[in-house]
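Chemist: build the 3D model from these lines:
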Amino acid sequence: MHTESPAHETLWKLIKDIRFGMLTHRTSTGMLHAHPLTTQNRQLDEQAELYFFISQSGELYERLLTDGEVNVSYADPDEDSYVSVSGQARFVEDRALKEALWSPMAKAWFPGGVSDPDLALLAVRIRHAEYWNVDESKMVQLFQMAKAAITGEPPRHLGEHKELTLS
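Modeler: Numbers count the residues shown, from 1 in each chain. You can find the predicted model right below:
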C-alpha cells in the first residue's frame, strides 16, 4: 500500500478513532452475519491490513477458516464519516505482533494475555475500500437537502466519496 496517497491517508484518518468495526462474513448457508470487533491497529501497515483479536473457541473463528472473504464497516455519525472495507481474512501466529497490538482492554476478553490459548489474531488485508466523508456543517447539509427537495435535483457536493483498490 502506498501510504503517501492522500486517499489512503484519509481512509486511515477516518478509521483510526472509531473503536469498533462491524465485520461481516458469510455463514455456511451463505447468509451474511456481522460481529462488532475492536480494531487493534495504531496505524495502517504496509500490507494494508487491519488487525483484531478474536476467540479461537468462537463461531467466527471457525467460519473464517472456511471462508475468509469479509467486509468491515465503520461509522462515525457525529463526524459524518463512513467507511466500508472489503478484504481477505487470515489468522496470524506472530507473538511479537500480538504484543505490539496488545492493550489493557484486550485483557478483559483474554485474561491470559498474549499467551492466552484462546487468543487468535485476525488480519484482514484490505483489497477494496470506499469512504464517505462530509465536511459541511449540519446547517449547510440541511440547506442543501431542502434545496434538493424543492428543485427535485439531488444534493451535490455533500462531501468526499472515494473508492480505493488496494490489491
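
Chemist: so where's the chain uncertain?
Modeler: Applying pLDDT under 70 to the chain picks out residues 1-7, 135-152, 154-160, 162, 167.

Chemist: run through the helices of it in chain order.
Modeler: Secondary structure of the chain, counting by DSSP state H: helices at 6-16, 59-66, 95-101, 104-109, 138-151.

Chemist: list the buried ones in the second one?
Modeler: Using 16 or more other CB atoms under 10 Å as the burial criterion, the residues of helix 59-66 that qualify are 60, 63-64. Placement of C-beta: from N, CA and C, glycine included.

Chemist: and the shortest one, by the same measure?
Modeler: The neighbour-count criterion (16+ other CB under 10 Å) identifies Ala106 as the buried residues of helix 104-109.

Chemist: which secondary structure elements does it contact?
Modeler: strand 49-55 (3 or more CB pairs under 8 Å, 6 or more residues apart in numbering; DSSP states H and E).

Chemist: do the same with the first one
Modeler: Counting by 3+ CB pairs under 8 Å, 6+ apart, the packing neighbours recorded for helix 6-16 are strand 69-76, strand 81-92, strand 119-133, strand 160-165.

Chemist: the same query, at a cut-off of 7 Å, please.
Modeler: strand 81-92, strand 119-133, strand 160-165 (3 or more CB pairs under 7 Å, 6 or more residues apart in numbering; DSSP states H and E).

Chemist: the residue nearest to the spatial centre of the chain bridge partners, please.
Modeler: Centroid-nearest residue in the chain, with CA atoms, centre = their mean: Val72, separated by 4.2 Å. Judged by DSSP bridges, the bridge partners of Val72 are Leu23, Val85.

Chemist: that one reaches Leu23, doesn't it?
Modeler: Yes. If you go by CB atoms under 7 Å, Val72 and Leu23 touch, sitting 5.1 Å apart.

Chemist: and Glu69, how far from Tyr51?
Modeler: 18 Å (CB to CB, to the nearest Å).

Chemist: neighbour-wise, which of these two wins?
Modeler: The residue with more neighbours, out of Glu69 and Tyr51, is Tyr51; 20 against 13, by other CB atoms under 10 Å.

Chemist: does that one touch Ala123 like I think?
Modeler: Yes. Counting by CB under 7 Å, Tyr51 does reach Ala123; the two are 5.6 Å apart.

Chemist: give me the spatial nearest neighbour of Ala89, chain neighbours excluded.
Modeler: The shortest distance from Ala89 to any non-neighbouring residue, by CB to CB, 6 or more residues apart in numbering, is to Gly68 (4.0 Å).
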